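Novice: Have a look at this prediction, sequence included:
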Amino acid sequence: MRLAILDNGHSLVTKALFALIRAASRQPVLDVIKLVKYRADFYGVPMQGVTQEAMRGPSAWSVADRELMAAFVAKTNECEWCTKAHAAVAEGAYRDGARVSTVLSDFETAAIEEPLRATLRMLCKLTREHAVNAEDMRAVLAAGVSRDQIEDALAVCFSFNTIGRLADAFGFFLPGPKVFEAGAKYLLARGYR
Amino acid sequence: MSDIAKARKALVTRILEGDGTASRGQRRAAFDHTGFAEPLNTLIDKVTKQAYRVTDEDIAAAKASGLSEDQIFEIVVCAAIGQAARQHDTALAALEAATKKE
């Protein structure tokens, strides 16, 4: 972490919570937890409200689809931390690691449903070029994606276009796969609250 | 469908208008990506466009310019959310245009 306050500037209560997490999980506390718990009223608490709704709120997309979109947006932003973290969640949710890895490798040729592929194509352009137009949206609608589903996918995109930037700017430490697997189990069981 | 409008508004209101160690003007400028001199302009520009290119030196330069870590924390958060919000707004407008009845 590039800011020492994000590593060790937390309140004593939060530091005690981290000690409990380390003891219970036998894993280090993920940097994303350190971020959302630092002066939580500024960023962590209001952002968790957005992310919980985007990732676990009512939607025609499954939790697995939304976690895949999160990993995909992260990959498009070249954010290795968020890509690995949310690929692990998507793999757990789908119970299908190959589906996730093939999408992240090349979503155009992956064996996925066309509505999901059209949505990922639009999210890729939005994330990479920072803009999309009505024609892009018509293409997604024509693939059978509803307007509500597009809005839901854009909510995921907003969350991960925020979180990925922070992970890279603050220099999150990249842990091994076991730590991400433990984090994925937690997110699937408890969500983002 | 999910609805992040209310939560997004609360988030943006908090970071821009609530208490902070950076001034409201600095936080707004970071959110809008406008009005910063170097070296902060480089940091904000990278956070906005290619965050994976941010380096230890970028953060060190921001500290050397006189900002505290808390101020940098707030400014980077505002820059990240500002760009994500602009992308989100652009996409929602495109969706509105695509579904508007002739």
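Specialist: Arrived safely.
Novice: Going by C-alpha atoms from here, please, whenever you check contacts or count neighbours.
Specialist: OK.
Novice: Okay, buried residues for the helix or strand hosting A:Arg117 please.
Specialist: A:Arg117 belongs to helix A:114-129 when assigned by DSSP states H and E. For helix A:114-129, burial by neighbour count (16 or more other C-alpha atoms under 10 Å in any protein chain shown) applies to A:115-127.
Novice: do the same with stretch A:94-111
Specialist: A:94, A:99-101, A:103-104, A:107, A:110.
Novice: With stretch A:17-37 instead?
Specialist: For stretch A:17-37, using 16+ other C-alpha under 10 Å, the buried residues are A:18, A:29-32, A:34-37.
Novice: For stretch B:47-56, buried residues please.
Specialist: Of the residues in stretch B:47-56, those buried under the neighbour-count criterion (16+ other C-alpha under 10 Å) are B:47-52, B:54-55.
Novice: Now do the buried residues in the lengthiest helix in chain A.
Specialist: As assigned by DSSP state H, the longest helix anywhere in chain A is helix A:147-170. Residues of helix A:147-170 classed as buried by neighbour count (16+ other C-alpha under 10 Å): A:147, A:149-170.
Novice: which ones among these come in contact with chain B?
Specialist: Near chain B, judged by C-alpha under 8 Å from any C-alpha of the partner chain, the entries from the buried residues of helix A:147-170 are A:147, A:149, A:151-152, A:154-155, A:157-159, A:161-166, A:168-169.
Novice: just to revisit the earlier point, so which of the buried residues of helix A:114-129 comes closest to A:Ala64?
Specialist: Closest to A:Ala64 out of the buried residues of helix A:114-129 is A:Leu116 (11.7 Å), distances taken as C-alpha to C-alpha.
Novice: show me where chain B has helices.
Specialist: B:5-17, B:24-32, B:40-49, B:56-64, B:69-99.
Novice: Any chance you could list what contacts the fourth one?
Specialist: Read that as helix B:56-64. The contact list for helix B:56-64, computed with C-alpha atoms under 8 Å, 6 or more residues apart in numbering or on different chains, reads A:2, B:39-40, B:42-43, B:69, B:72.
Novice: pLDDT score for the residue nearest the centre of chain B?
Specialist: What sits nearest the mean C-alpha location of chain B, by C-alpha atoms, centre = their mean, is B:Ala79, with 2.0 Å. Here, the pLDDT recorded for B:Ala79 equals 98.
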